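> I'd like to go over a predicted model; first the sequence, then the structure.
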2 protein chains.
Amino acid sequence: MDGRATSASGAVLTRRRFFEGLAAYGGVSLAMAGMDALGYGFASAQAAPPPLEGGGKGIKVVVLGAGLAGLTAAYELTKHGYDVQVLEARDFAGGRCQTARKGFRHVDLLGNDQTCQFDEGLYINHGPWRIPYHHRSTLHYTKLLGVPLESFVNDNDAAYVYFEKGEGPLKGKPVRKGEIAADARGHAAELMAKVAAKGGLDGAFTAQDRDLFVAYMVNEGRLSPSDLAYSGTDGRGFDVHPGAGVSPGPGKPSTPRSMADVLHSGAWRTLTSVAGYEQQRTMLQPIGGMDQLAKAFERKVADKISYSCVVETIGQDAKGVKIGYRDAAGKKAEVVADYCICTIPLSVLRNVDLQASKPFKAAMEGVAYAPVNKIGLQMKRRFWEEDHFIYGGHIYNDMPGIGTISLPSTGWQSQKGVLLGYYSFGGEAARISAKSPAERAAFAVAGGQKVFPEYADAYENAFSFCWHLAEHNLGGWAEWGEEGRKTAYPVLCEPDGRLYLAGEHLSYLGGWQAGAIESAWQQIAKLHARVRAA
Amino acid sequence: MDGRATSASGAVLTRRRFFEGLAAYGGVSLAMAGMDALGYGFASAQAAPPPLEGGGKGIKVVVLGAGLAGLTAAYELTKHGYDVQVLEARDFAGGRCQTARKGFRHVDLLGNDQTCQFDEGLYINHGPWRIPYHHRSTLHYTKLLGVPLESFVNDNDAAYVYFEKGEGPLKGKPVRKGEIAADARGHAAELMAKVAAKGGLDGAFTAQDRDLFVAYMVNEGRLSPSDLAYSGTDGRGFDVHPGAGVSPGPGKPSTPRSMADVLHSGAWRTLTSVAGYEQQRTMLQPIGGMDQLAKAFERKVADKISYSCVVETIGQDAKGVKIGYRDAAGKKAEVVADYCICTIPLSVLRNVDLQASKPFKAAMEGVAYAPVNKIGLQMKRRFWEEDHFIYGGHIYNDMPGIGTISLPSTGWQSQKGVLLGYYSFGGEAARISAKSPAERAAFAVAGGQKVFPEYADAYENAFSFCWHLAEHNLGGWAEWGEEGRKTAYPVLCEPDGRLYLAGEHLSYLGGWQAGAIESAWQQIAKLHARVRAA
């Protein structure tokens, strides 16, 4: 295996291009077979944009919305010779791929008018904020468009967990997650190892495997190999940290909590020993804010975008589409095109006068949109680093309406920082969003104060965003139910006449940028196939 | 609690200063009591340098070695009015805090003469390379000296593990760590949950706690709550990743491996569900190379350092110390001072003509130094990111002499990268170090090729470093045995006449920069107390 393969044209291909080639020419299953044959077992249907071979030859496509789906469609279609026009309701591109920094203004549907007051250089990603390694579509564009990335700390054992609804000595007490993890897992491994060693699992194992299993438990739970006991471990921290000389010298080990204390606290709910698919322990983020991705796209297609144009009607017939909108001056205007790619969220599109088939319009009703709140709090000093030695990660807690508090993964050891004061969904998000921005900030600060005594004192200003109160979004993301996925979703994934929908709502990567991008890839591939066949 | 306290002088103190004040005035135990009283349970003996109140008033201190211990001593003593001179054997400061980049030259004791050929901007930290959050002393100086930090990915479930000595279907096959983790932990949790649910652990739990425990196991192992079965989980990856539309749509879940396959592979040895004290999942590193810390120190005290001065004799009497050395021109020279802080590794110091008490000199023999190898391999493209979607972390394996292969945590998505081709200790390190640099590189590339088919093809050049073959180190770090810690170590922590030793070898943070820094802090505090008392 030399990492190369030769294409039909005789050119030497890299492995990646080889697989992408398989996908492009032979479809998904062929590429998968290729990956499997090489033993890597990582197949992605869409790791690269569709090739759109032969080009669009001036066919006109109107794209509704300059979020990542619309930007992707506009960029790829333009590159391949289509005549593209994008109508964007806002006066900037990016859709939900937004970053609030000094001067960013947002007026919500309740009339709350906020202009971000963060110091220069500080920001909050109130939309998408992290990229997992397997979102190859998003990473395709960060690389292609030269958007520099840095690590996003998505799991930090040194970060506190805070549970006020549990029972016992941990109730309402900030505790480092690593302590909970060490004790829960240590005690569980001890129980398990002892049961196994006594033959209690002999139905499950051969004698040899039983011994391996016990050794595995010793490793996992940091047990004493001699008596299989868990009696704490350095990983849970020290009462006195090790250091120089004789004192502190080896330091003073910390004392584990009992399994009962951990169980009663409820804090074990934050533990999962298997990182989630979308929630890797370390992820990636664009340096300087997530909107750097949107801005990089925008630089490529800015001349195709008409800003502050709010779509009111979408008409079509056998020959083309006609979009009616109000322009930046509030005047009615229209654009005609051969096809339309509409990335407007269904929550908003439902209020547009849309010419589409009955089943299509019915399907548009089959999905709910999530109320989602975020708030950035500027702190005049990074007390979580200075006083608590927590560098990034999340404060998991059970405070209603707070969800997670998250610490920034950038600007380490600098003076100030903006942390995410809450990130909540659903009914709790709706409840908090009814408050004024000042009240929301007060609510967030009061929550954080329970965890960090320095919180209120360090707080300077806030910027809050409620996606369900954003006029052009009406929700954070599409939430498909089982029934909707079965009946409505497939209908919307197919074009209705000359209208193609695209966006995270037409993917199984709901709320992720990758969903928007891959949906756009899929729809422009369909559109292109139709154009080529015509 | 408002995060403030008032000092005796009436000034308002931050919490941090309050605790540091307690440590400075009342010693470690008082500071600990303070932290404990506030419920945070994080006490560090030395979170900040000793105040050296009253100053050094021109007392002359000669510091031997400009590694982090020597630089710390020189910086703090100079700041407080001591007259400091540093003798450094190399022509640059930093000691083991080194970074190899283009033009960095190293001639080892076997005569291997290497000059690093990496492209501009690429580097390998062949000495220390990562900083845990609790090394407050190191972080004190990165902040104070303005050394910008970035994240170091120290755990990556997407990285492969590779075990060739195990048995079964995983033998010699690169597998993502997250798959091993999911399956081992999922199967174990299933066994455990079922035993518990059947009452098999009833001696350990009340009935209510048993139910909580089962719920905890469901969470940890991603079990089905209804039948407590582990049947795979999204966290182990997909055969076809979820995406847009109907296909790939939800993707195709992956199939878990059996517990027996995981146990037989040996790959479970890489798992510990409790992050180690020193090995946090995400750590920190200076942007641009670890030597940025040394260089920042050096800028502060460069005028105090005499470079290329190799110490040959250390003499002392009741009035002062006299150091004999060979200067850059090879000429004998000497320096006299009131005190000496000697940071020369014991492995090297044993060969210096040293005037010290018999017990002190005997104690110097009580420690071994570790053979340690590292090699940086420049790759012409980042195939681990491009083809395998692995962004940082380690390739754990059982290849003798390779130890870990580690992928860079910086320069994401850029063209080239330098990865750590091996990191090995002890006998294996000694064996590989006997090879020529070209042979070492070939050995490293052959190892990596087993994991990544692109390895040899992408390889461009290498820089290898063997700390036991470095003239001024003779080992990577001090390795204290139990007996040595008891008998020799305490002797060396105390001054012998006017000679104070300092370095990582006089700490329980062996091989870490924090050990060097904190040892220096401790010794200059002792020296200062003596000067003030005199």
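Right, received. Where do you want to start?
> What is the neighbour count of the closest residue to residue A:220 other than its chain neighbours?
The shortest distance from residue A:220 to any non-neighbouring residue, by CB to CB, 6 or more residues apart in numbering or on different chains, is to residue B:273 (4.7 Å). For every residue, glycine as well, the C-beta is placed using N, CA and C. Using other CB atoms under 10 Å in any protein chain shown, residue B:273 is surrounded by 24 other residues.
> Residue B:273 against residue A:274, yeah?
No. In this structure residue B:273 lies outside contact range of residue A:274 using CB atoms under 8 Å: 9.9 Å.
> Give me the common contacts of these two.
Between them, residue B:273 and residue A:274 share these contacting residues under CB atoms under 8 Å, 6 or more residues apart in numbering or on different chains: residue B:185.
> Who are the contact partners of the closest residue to residue A:80 other than its chain neighbours?
Excluding the flanking residues, the one nearest residue A:80 by CB to CB, 6+ apart is residue A:52, at 4.0 Å. Each residue near residue A:52 by CB under 8 Å, 6+ apart is listed here: A:76, A:77, A:79, A:80, A:524, A:525, A:528.
> and what of residue A:467?
A:96, A:127, A:370, A:371, A:372, A:373, A:473, A:474, A:475, A:476, A:477.
> try residue A:114
Neighbours of residue A:114 in contact, by CB under 8 Å, 6+ apart: A:105, A:106, A:107, A:437, A:463, A:464.
> The host helix or strand of it - which strands sit beside it in the sheet, and in what orientation?
Assignment of secondary structure by DSSP states H and E places residue A:114 within strand A:113-115. Applying DSSP bridges, strand A:113-115 is found paired with strand A:105-107 (antiparallel).
> what sits up against the strand it pairs with?
A:100, A:113, A:114, A:115, A:116, A:463, A:465, A:470.
> on that earlier part again, got a winner among the contacts of residue A:467 for most neighbours?
Result: residue A:373 is most packed of those (other CB under 10 Å), 30 neighbours.
> you'd agree it is in a strand?
Yes. Residue A:373: assigned to a strand according to DSSP: H, G, I helix; E, B strand; the rest coil.
> OK, contacts around it?
A:401, A:403, A:422-425, A:429, A:432-433, A:440, A:464-467.
> Give me the domain ranges for chain A.
As assigned by automatic domain parsing, chain A contains the domains A:60-92+A:292-368+A:478-533, A:100-128+A:371-469, A:176-272.
> Span of the shortest one from start to end?
Meaning domain A:176-272. 15 Å (CA to CA, to the nearest Å).
> so how far is it off the chain centroid?
Taking the mean of its C-alpha atoms, domain A:176-272 sits 32 Å from the chain's own mean (CA atoms, centre = their mean, to the nearest Å).
> can you pull out the helices in the stretch 301-450 of chain A?
Ranges of helices within the stretch 301-450 of chain A are A:346-349, A:358-363, A:383-386, A:426-433, A:437-449, based on DSSP state H, counting those that start in this stretch.
> Of all those helices, which one is nearest residue B:509?
helix A:383-386 (20.1 Å; CB to CB).
> For the closest one, which helices and strands make contact with it?
strand A:417-425 (3 or more CB pairs under 8 Å, 6 or more residues apart in numbering or on different chains; DSSP states H and E).
> contacts for the strand it packs on?
A:118, A:122-124, A:129, A:370-379, A:382, A:384-385, A:401-408, A:411, A:432, A:441, A:443-445, A:447-448, A:462, A:476.
> Could you give the bridge partners of the residue in the stretch 51-200 of chain A positioned nearest to chain B?
Of all residues in the stretch 51-200 of chain A, the one sitting closest to chain B is residue A:151 (3.6 Å; CB to the nearest CB). Beta-bridge pairing of residue A:151 under DSSP bridges involves residue A:284.
> To what extent is it buried, counted in neighbours?
Neighbours of residue A:151 (other CB under 10 Å): 23.
> ditto for the one 10 residues further on
Here the count is done by other CB under 10 Å, and residue A:161 has 27 residues near it.
> Now do the same contact list for it.
Per CB under 8 Å, 6+ apart, neighbours of residue A:161: A:174, A:175, A:176, A:177, A:180, A:267, A:270, A:395, A:396, A:397.
> Can you check those and name whichever has the most neighbours?
That'd be residue A:267 among the contacts of residue A:161, by other CB under 10 Å, with 29 neighbours.
> Let me know whether residue A:360 touches residue A:493 as I believe.
No. Using CB under 8 Å, residue A:360 is not in contact with residue A:493, being 10.8 Å away.
> okay, these two: which has more neighbours?
Regarding residue A:360 and residue A:493, a neighbour count based on other CB under 10 Å identifies residue A:493 as having more, with 22 against 19.
> wouldn't the more buried one be in contact with residue B:248 here?
No. Residue A:493 lies out of contact with residue B:248 (CB under 8 Å); the separation is 11.8 Å.
> Now do the strands in the stretch 51-200 of chain A.
Here the stretch 51-200 of chain A has its strands, by DSSP state E, counting those that start in this stretch, at A:60-64, A:83-87, A:100-101, A:105-107, A:113-115, A:123-124, A:149-153, A:160-162, A:175-176.
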